[in-house]
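Visitor: model this:
(2 chains)
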Amino acid sequence: MRPTIAAPALALAVACAACDNTITSSEALPPLQAASLDSTAGSWSMIVLSGPTQFTVAAPAAETSAAYTTELAAIKTVQSNLSAAQHRSVDYWSGGGVLRWNQIVRELVARFNLPPAPRADGTYPVPDPENPFADPQFPFANPPYAARAYSYVAVAQYEALKTAWYWKYQYHRRSPARIDGGIRALRPVSDLPAYPSEDAVLSGVTVEMLKVLFPAAVAEITQRAAEQRNAALWSGKAAASDIAAGLALGKAVAAVFIARSGADGMKNAVGNPAQWHALADSALARGETPWISQESPPRPPMLPNFGQLQAWLMTPAEVTTERPPAPPSTSSAEMLQELGEVRRTVDHLSGAQLAIAYKWNDGAGTYAPPGHWNDIAAEYIRDAQLSEVRAARAFALLNMAMHDAAVGCWGVKYLYFNPRPGQLDPSIKTVIGLPNFPSYPSGHSTFSASAATVLSYLFPQGAPDFAAMKEEASISRLYGGIHYRSDIERGKEHGARIGGYAVRFAQLDGAN
Amino acid sequence: MLRGSTVVPLFLVALSTGTLRAQTVDDGSLLPRRGIGTGLLYAHDSWSQYWEGSLKRGNGNIGTLTTQSVTWVAGYGVTDRLSVMAMLPYVRTHASEGPLHGMDGLQDITLAAKYQLLATPLTDRGTLRAMVVGVAGIPVSNYTPDFQPLSIGLASRRFSGRFTLNFQAHQGWFLNGSAAYTWRAKVTLDRPAYYTNGQLYLSDEVAMPDVFDYTVTAGYERGRLCVPVSLSQQRTLGGGDIRRQDMPFVSNRMDFVKVGALAMYSLPGPKALGIRIGASRIVSGRNVGQATTLTAGLFHTFQL
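Guide: Here you go, the predicted structure:
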């Protein structure tokens, strides 16, 4: 090759070699080998259930019984002929059922976190749980809906697993791979009693909760849950009767939470046009400029009655007591000054500030702010090698706090019905999507402070990181051009107080 | 990028010794040895309708999306058979409606080498040429690709292999066909997870599907004027659709068919200056805006 060609040809070859398309997951899950069996988890405090004996799990057949021997033989048969796909299933679920389901719920939230498209006449249809496959799909998994969904799955799983642990240590039946040398342990098998199977408990409780929360995904959810149960059997971890008992227990516990979810106030959260108008009228009566949707066509406010939902760890009186004070008046000099700060900030963003705004955007089409904190928590839970029941506790505490943060924050948002910066000053443009609900206080700040409070209690070594992430997530909303500084400051304080309820529960729950 | 093109058109003009020719990565012409062409190109690209997947719609929260760019272009004839080219655009975006902030900045530098494999008389009517072109695109600033359609680009390094056949008739007609395959490197977002194409990815890295494109150009060149018209198509070989009422995403499957026309004129006078104006319109697409693009450029060529 002549030198004149060689140089550009070489440059192009280098450029092409740079076209690497391999994606690295930040959340690969190695096979779970729990640091502790947590054998006392059956006595840890319940949140909704009366106790571990609210549901009775009948005694299993003896390990020496003919029925059980037949079950063991069946495992040997299936293990002798496992396909590559079955091995992949075993490997996938060996990462831990609680962590896997948390990933799946994040995916469901991201899939369903899309607002309805406007009709030709400029109105918006409301997602209908009775017709989830229509356009718009049900649900619109916006931040409050997502916070609630994560929390229902997490708390139901946690209560079901505590119950399972109780019965496991009543019966002490070993796992098939421990009983029969002819059965291989295709994933780590511990001394944890196998009856009822924790994988099947998780499968049963989660599938039933998700059918209610994401009914349009029923086919996929059902298939995943069945795969989890099969993986437990194929791996030598549980026998058919372990799985049957676990599945029944999981479904029974789910029924309690499904009943609660039907009566927690979510049905009324969307509200109606009369209520929406009353919110604006109330602000006007107080001499304030009411929030107006900046979308085109104008969209009804997001879940104005979500603040009336039943909290997990706070009484209605506590929800009210913990509220932050009123924001600066929309006509005050203080508000004018804050408005100026938003405008100056968003028009002069550094590259680093812009990156922070995008990092914490968590807008439509994402797993939402509570999902972001589940993402953060998952890596700590994985690295700490928590048992399934302790992992469920961590997600339950985290997601109860964020659900209650959503309830608290939304209550305040619609109490004051404060306009976004771009409404008061249309020259303010945003570098992330503008949320379609009132400004004060910042949801991100409230979620993040509640989450950081809980995670700092659970993983004290991570506390400085959680605090830094909370600060970054909160200030990202100022960089994004969608919140005033007082929204952020009061939101953080509010969130930290709400997170304290989960910490105080955890301090006394018997798990320490 | 709802602007509709991942491979920004490359226009260089070689105006040596009275011959007027727009030298682009996909045409069949070269700069003479030690010839230099340089210039500035302004482009105004706008759309108010776009394809959300295959659904064509407008969006009151965007209104009309306008992208303006000023691109510096340069070319050099290494030999009579090998030209190298470079271009660097400064891009500014703006939405006429809604709350979203426009973006601006230097986008990607494009470097290309065009090599003539063949130039042979065909019948008595003209000359047939065959070219191979290697094109590399490299982002030069750390702009975000995660604010589509306001982002100024896709922030992906890429490499294209292109093959061009050109027939130039003695009477001034010419016909040009060019096709390219583009490999694109993954892009990195500022966030730790994203959902696209039916899946949540727990990663800040996004795989970018490859792209195939072709352009057919026919034109007439006489004296100082050259007027080509073109039809081009881009097919992205993978990637997800924009979901209902979702924002577009960097790795979406962006397809389009575009028609365009140019007029290039070599100015009289001692300086080898050329001007060109152009217009193009996307006639069908998927996950792109239905853009109308107007361009104007001024170019200067000389011999070292």
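Visitor: separation between residue A:170 and chain B?
Guide: Residue A:170 sits 38 Å away from chain B, going by C-beta to the nearest C-beta, to the nearest Å. For glycine as for every other residue, the C-beta is placed from the backbone atoms N, C-alpha and C.
Visitor: got the residues of the stretch 251-400 of chain A near chain B?
Guide: A:294-297, A:346, A:351, A:354-356, A:358-367, A:371-372, A:375 (C-beta under 8 Å from any C-beta of the partner chain).
Visitor: from those residues, keep the buried residues only.
Guide: Listed as buried from those are A:294-296, A:346, A:354-356, A:358-367, A:371-372, A:375; burial here means 16 or more other C-beta atoms under 10 Å in any protein chain shown.
Visitor: could you list the low-confidence segments of chain B?
Guide: B:1-23 (pLDDT under 70).
Visitor: distance check, whichever residue of the stretch 151-300 of chain A sits closest to chain B against residue B:246.
Guide: As assessed by C-beta to the nearest C-beta, chain B sits closest to residue A:296 within the stretch 151-300 of chain A, at 3.0 Å. Going from residue A:296 to residue B:246 by C-beta to C-beta, to the nearest Å gives 17 Å.
Visitor: same thing with residue A:90?
Guide: For residue A:90, the distance to residue B:246 - C-beta to C-beta - is 35 Å.
Visitor: more neighbours: which of the two?
Guide: Between residue A:90 and residue B:246, counting by other C-beta atoms under 10 Å in any protein chain shown, residue A:90 is the more crowded of the two (23 against 20).
Visitor: okay, buried residues for the helix or strand that one falls within please.
Guide: Here residue A:90, judged by DSSP states H and E, is contained in helix A:84-94. Buried positions in helix A:84-94, judged by neighbour count with 16+ other C-beta under 10 Å: A:86, A:89-91, A:93-94.
Visitor: next up, the contacts around the closest residue to chain B within the stretch 401-512 of chain A.
Guide: Across the stretch 401-512 of chain A, the shortest distance to chain B (C-beta to the nearest C-beta) belongs to residue A:429, at 3.7 Å. Taking C-beta atoms under 8 Å, 6 or more residues apart in numbering or on different chains, we find residue A:429 in contact with A:346, A:422, A:481, B:99-102.
Visitor: now with 7 Å, please.
Guide: By C-beta atoms under 7 Å, 6 or more residues apart in numbering or on different chains, the residues touching residue A:429 are A:346, A:422, A:481, B:99-101.
Visitor: so which of those comes closest to residue A:404?
Guide: residue A:481 (28.1 Å; C-beta to C-beta).
Visitor: what sits against that closest one?
Guide: Contacts of residue A:481 by C-beta under 7 Å, 6+ apart are A:342, A:346, A:421-422, A:428-431, B:101.
Visitor: tell me which element residue 51 is part of?
Guide: This is for chain A. Going by DSSP H and E, residue A:51 is not in any helix or strand.
Visitor: that's the wrong chain, I wanted chain B
Guide: Counting by DSSP H and E, residue B:51 is part of strand B:50-52.
Visitor: tell me the first helix or strand C-terminal of that strand.
Guide: Next along the chain from strand B:50-52, counting by DSSP H and E, comes strand B:55-57.
Visitor: can I get the helix or strand just after that next one in CSV, CA atoms only?
Guide: Going down the chain from strand B:55-57, the next helix or strand is strand B:65-77, by DSSP H and E. The C-alpha trace of strand B:65-77 is given here as CSV (Å, rounded to 0.1, in the frame of the first residue of the first chain):
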residue,chain,number,x,y,z
LEU,B,65,-38.4,21.7,15.9
THR,B,66,-35.7,23.8,14.1
THR,B,67,-32.1,22.7,13.8
GLN,B,68,-29.7,25.2,12.4
SER,B,69,-26.1,24.4,11.6
VAL,B,70,-23.0,26.0,10.3
THR,B,71,-20.5,23.5,9.0
TRP,B,72,-16.9,24.1,8.2
VAL,B,73,-15.8,21.8,5.4
ALA,B,74,-12.4,21.1,3.8
GLY,B,75,-10.9,18.8,1.3
TYR,B,76,-7.5,18.0,-0.1
GLY,B,77,-6.3,16.1,-3.1
